[in-house]
Structure formats: C-alpha cells, structure tokens
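*Asks:* Model the following, please.
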Amino acid sequence: MERKKETLSGSELRELAEKKLAMDGGKTELLSEMSSENMANQLHELQVHQVELKMQNDELRRIHGELEKSRDRYSHLYDFAPIGYFTVTEKGIIDEANLTLASMLEETRSSLIGKPFSRLVLKEDQDIFYKHRTQLLETEVSQSCELRLVKKGEDAFCARLECVVIKNKEQDLRNIWVAVSDITESKRVEEALRASESLKKDNH
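*Replies:* Numbering: from 1, shown residues only. Okay, here's the model as predicted:
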C-alpha cells in the first residue's frame, strides 16, 4: 500500500491531503486551542517530515543520475562495439541496430530501423537467411550462419551471423538478437591458402 502512495504525483497527493483534512475537520484541533507543548510537537513533526521529503528527493535524484550514467555507458558499449549488433522481429523486421552495423552497411541507423533485414542480404543468399531464421525460431537454440550482405553502394561482403532468440518477460513476444562480423578478409585468406595447396598438388 505504501508503495502505491509513493507513485502518486504531487497534485494527487495534494488532493488526497485536502480531502483528508476536510474529513477530519471536526476533529482537528484549532491553533488557538493548542497548548504550547502541543504546538511545539506539531512543529517538530512538520520539520521532521520536511527533512524526510528532502532526503527522499535527494535519493531519487541520486538514483536517477546513476541510471543515466549506466544508460550512457551501455549505449557507448553497444553502439561502438567492434562487431555489428541488431535485433529483428519474428518477421525479420529490424527493430534495433548499433552504429557499427550501420557503418558496415554504409547506412544510417535510422534508415535500417523498421526495414526488413532480407533487403540487406545478397539475392543469391536469401534462402540461407530464410532457412536459418526458420530453424532458429523452431528450435530456439542459438545458431550461426554465413552469407553475403550488401552495402548501400551495392558492394557485397561476407558476414558471419551469430543469432539467439530473446523473449519478453511475459514470454509471448520473441525477437532475434544478432551479432554480425565481417569475415571478408578471413575468406580471402582461406581461398588463397586453398589455391596455394592446389598449386602444390598440381606441381607434384
């Protein structure tokens, strides 16, 4: 019950106090009828209450400041992580994305939000993403896949997607959280090694 009172706004508290005062009007002792001791006690109670309210306000401001700092720290860690992060709905619509992903794709973050992720996947790799998403939602087991993503300038690069299903508290809404790594360079190295090994075999 106390917890509910703390959530009331100032105007609501004022209204409740005025109603209570009106209801207790017949019982309220007039100042002229109070003894000096009674008045001193009432004054002391008011002063204590005032101090309590100030302490509560100070604590609320402190907590708010800590939350702001935590949010800023999380925001920086998320946005400037060395890999791209984004969240998509079950239907594949981008719900959230960090700045690293936007940079990878040469897009702005705002241009990604609300758009289908499939539009960023190379046409030839669309089936890979569709099958991967379907299996992920059916099993709810974290999975990974490799496919090619298309930048705004229409250049494609190889990417590795690490995906996991996340749910809300009520367990009735599912999204897919994805970490994206650019593996273009490692693929080039692999191809070069394979070509080198093939050349050695041909020479023998």
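*Asks:* Map the structural domains onto the sequence of this protein.
*Replies:* 32-79, 81-191 (automatic domain parsing).
*Asks:* Show the average pLDDT along the first one.
*Replies:* Computed over domain 32-79, the mean pLDDT rounds to 69.
*Asks:* hmm, back to that, next, format the domains of the chain as TSV and append mean neighbour count and distance to residue 201.
*Replies:* C-beta here means a position set from N, CA and C on the backbone, and glycine is covered the same way. Listed next are the domains of the chain as TSV, based on neighbours: other C-beta atoms under 10 Å; distance: least, C-beta to C-beta, whole Å:
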stretch	mean neighbour count	distance to residue 201
domain 32-79	10	47
domain 81-191	15	16
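*Asks:* Identify all contacting residues around stretch 183-198.
*Replies:* For stretch 183-198, the surrounding residues in contact (C-beta atoms under 8 Å, 6 or more residues apart in numbering) are 146, 157-160.
*Asks:* Closest to residue 138 out of those residues?
*Replies:* For the contacts of stretch 183-198, the minimum distance to residue 138 (C-beta to C-beta) is 20.1 Å, reached by residue 146.
*Asks:* my hunch is that the closest one is in a strand, does that hold up?
*Replies:* Yes. Counting by DSSP: H, G, I helix; E, B strand; the rest coil, residue 146 falls inside a strand.
*Asks:* In contact with it, which residues?
*Replies:* 128, 158-161, 183.
*Asks:* In strands, which of these fall?
*Replies:* 158-161 (DSSP state E).
*Asks:* Look up how far residue 36 lies from residue 82.
*Replies:* 72 Å (C-beta to C-beta, to the nearest Å).
*Asks:* Identify the residues contacting the spatially closest residue to residue 82 that is not a sequence neighbour.
*Replies:* Nearest residue to residue 82, sequence neighbours excluded (C-beta to C-beta, 6 or more residues apart in numbering): residue 100, at 7.0 Å. Applying C-beta under 8 Å, 6+ apart, we find residue 100 in contact with 79-85.
*Asks:* Apply 10 Å and report the result again.
*Replies:* 78-86, 109, 180, 182 (C-beta atoms under 10 Å, 6 or more residues apart in numbering).
*Asks:* Then residue 98?
*Replies:* Per C-beta under 10 Å, 6+ apart, neighbours of residue 98: 75, 77-81, 83-87, 104, 109, 112, 179-180.
*Asks:* any idea which of the ones in strands among the contacts of residue 146 is closest to residue 150?
*Replies:* Nearest member of the ones in strands among the contacts of residue 146 to residue 150, counting by C-beta to C-beta, is residue 159, at 10.2 Å.
*Asks:* what's the nearest residue to the closest one if we skip its chain neighbours?
*Replies:* Once flanking residues are discounted, residue 159 sits nearest to residue 149: 4.8 Å by C-beta to C-beta, 6+ apart.
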